[in-house]
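Undergrad: Next comes the sequence, and after it the predicted model I'd like to discuss.
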Amino acid sequence: MTNLLPIIVAVILLVAGLVVLRYMGAWLRTRQRLAAAAEASQAADEAILVTRDSWLGRWLFRAGFRGKNATPLFIAANVFALLAGLLVAFLFYQSAVVTLGGSVLRAIPGAVGEVFLPLLWVSPILAVGVVVAMPAIFVRARRRTRIRTIEQDLPLSLDLLATLAEAGLSFDAALERVLETQRNRRPLAEEFRLFRLEILTGRSRIDSLRRLKDNVDVTWFSIFVSALIHAEQIGASLATTLRAQADDLRNRRRERALAQAMAVPVKLLFPLIICFLPGIMIAALGPIIFQIVQMLDQVIQNGFGGA
């Protein structure tokens with residue numbers, strides 16, 4: 001019995017340690033969730049402030065720039081781009097690139113290069129315009145990427161919402177389940193989390209849905225949210241509405257894919273004419289033209305020789 005006592009004590013300590021570790025893990029996970037919720041709430045407050053700003057703030061918000069300093073930073077980036085563009089133009093003129101380019105163009109026989117002289121003269125101004133437009137181009141690219149990602153995630157999320165609603169869950173519970181399967185950095189998940197936080201702050205569901213539609217501003221998503229608002233106003237079945245929207249979205253995606261497939265031959269026509277047909281015509285007609293030229297040369301030489 002004395003020999004078993006250390007083993008029993010060790011087993012008890014091991015079990016107690018495992019229990020403590022389990023509760024500590026649960027406590028840490030709860031703390032992380034609360035911290036994430038606090039960060040999301042702060043982000044939601046900042047997002048709400050941004051959406052009440054000017055059209056520039058709304059444009060940046062829809063592109064994913066949701067900090068309260070997004071608008072001043074964008075304006076500062078434009079000012080910096082303007083100064084950088086002016087510096088580039090100044091270096092163009094100081095380095096005599098325009099003068100050297102003009103000399104090269106004038107040296108081309110037949111005065112062909114003089115056609116491009118006006119373009120060369122305005123090239124520093126064009127460089128300034130390109131550099132100044134870089135911040136807007138970057139934001140526009142982010143906006144397009146965000147729209148494309150939302151359109152990719154929306155069909156699966158809508159199918160999951162419809163399935164969970166048909167299983168008897170409410171919209172909030174179904175949305176919570178869907179958000180558990182979405183990564184935090186996905187744009188659609190961010191919008192749904194912001195929508196849920198606005199409801200938790202006391203805003204009405206219809207008002208939150210309208211703000212959600214305005215924040216995303218994507219055609220397919222706007223149709224889906226409008227259907228939810230209509231169902232909420234008239235008291236229609238949520239499961240039926242979600243299933244109808246999921247089927248309609250699937251049909252629209254199929255029609256869009258078919259339209260893109262039918263447009264492929266038209267898009268291939270231009271590179272075919274510009275790139276492939278000249279080479280094909282040279283390969284097919286080149287030997288014939290060469291033989292014709294040789295025959296004409298012989299005829300001309302014989303004619304002059306006979307004369």
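TA: Here it is on my side, so go on.

Undergrad: CA atoms for contacts and neighbours, from now on please.
TA: Will do.

Undergrad: For residue 76, which three-state class applies?
TA: helix (DSSP: H, G, I helix; E, B strand; the rest coil).

Undergrad: burial measure for it, as a count.
TA: 13 (other C-alpha atoms under 10 Å).

Undergrad: Tell me the predicted confidence for it.
TA: For residue 76, the pLDDT comes out at 90.

Undergrad: any idea how far whichever strand or helix holds residue 175 is from the chain center?
TA: For residue 175, the enclosing helix or strand under DSSP states H and E is helix 171-181. Its chain's average C-alpha position is 24 Å from that of helix 171-181, according to C-alpha atoms, centre = their mean, to the nearest Å.

Undergrad: List of residues touching it?
TA: Helix 171-181 is contacted from outside by 157, 160-161, 164-165, 189, 192-193, 196, 238, using C-alpha atoms under 8 Å, 6 or more residues apart in numbering.

Undergrad: Could you list the buried residues of that helix?
TA: 171, 174-175, 178-179 (16 or more other C-alpha atoms under 10 Å).

Undergrad: again with stretch 134-150
TA: Buried-residue list, stretch 134-150, by 16+ other C-alpha under 10 Å: 135, 139-140, 142-143, 146-147, 150.

Undergrad: After the one helix or strand in the chain whose mean pLDDT sits lowest, which helix or strand is next?
TA: Lowest on mean pLDDT, DSSP states H and E among the helices and strands of the chain sits helix 4-51, with a mean of 59. Sequence order places helix 55-62 as the next helix or strand after helix 4-51, per DSSP H and E.

Undergrad: That next one packs against which elements?
TA: helix 4-51, helix 70-94, helix 205-216 (3 or more C-alpha pairs under 8 Å, 6 or more residues apart in numbering; DSSP states H and E).

Undergrad: Could you tell me the angle between it and helix 205-216?
TA: Here the directions of helix 55-62 and helix 205-216 differ by 90 degrees (axes from the mean of the first three to the mean of the last three C-alpha atoms, to 10 degrees).

Undergrad: Using PDB, write out every CA atom in helix 55-62.
TA: Output of helix 55-62 as PDB, limited to C-alpha atoms (Å, rounded to 0.1, in the frame of the first residue of the first chain):
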ATOM      1  CA  TRP A  55     -18.600  60.500 -50.800                       C
ATOM      2  CA  LEU A  56     -14.800  59.900 -50.700                       C
ATOM      3  CA  GLY A  57     -15.100  58.200 -47.300                       C
ATOM      4  CA  ARG A  58     -17.900  56.000 -48.600                       C
ATOM      5  CA  TRP A  59     -15.800  55.100 -51.700                       C
ATOM      6  CA  LEU A  60     -12.800  54.200 -49.500                       C
ATOM      7  CA  PHE A  61     -15.100  52.300 -47.100                       C
ATOM      8  CA  ARG A  62     -16.500  50.200 -49.900                       C
END
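
Undergrad: Which positions in it come out as buried?
TA: In helix 55-62, counting by 16+ other C-alpha under 10 Å, buried: 57-62.

Undergrad: Show me what the mean pLDDT comes to for it.
TA: Averaging the model's pLDDT scores along helix 55-62 yields 84.

Undergrad: Same check on stretch 222-233?
TA: Mean predicted lDDT for stretch 222-233 stands at 88.

Undergrad: Buried residues of it, list them for me.
TA: Buried residues in stretch 222-233, counted by 16+ other C-alpha under 10 Å: 222, 224-225, 227-229, 231.
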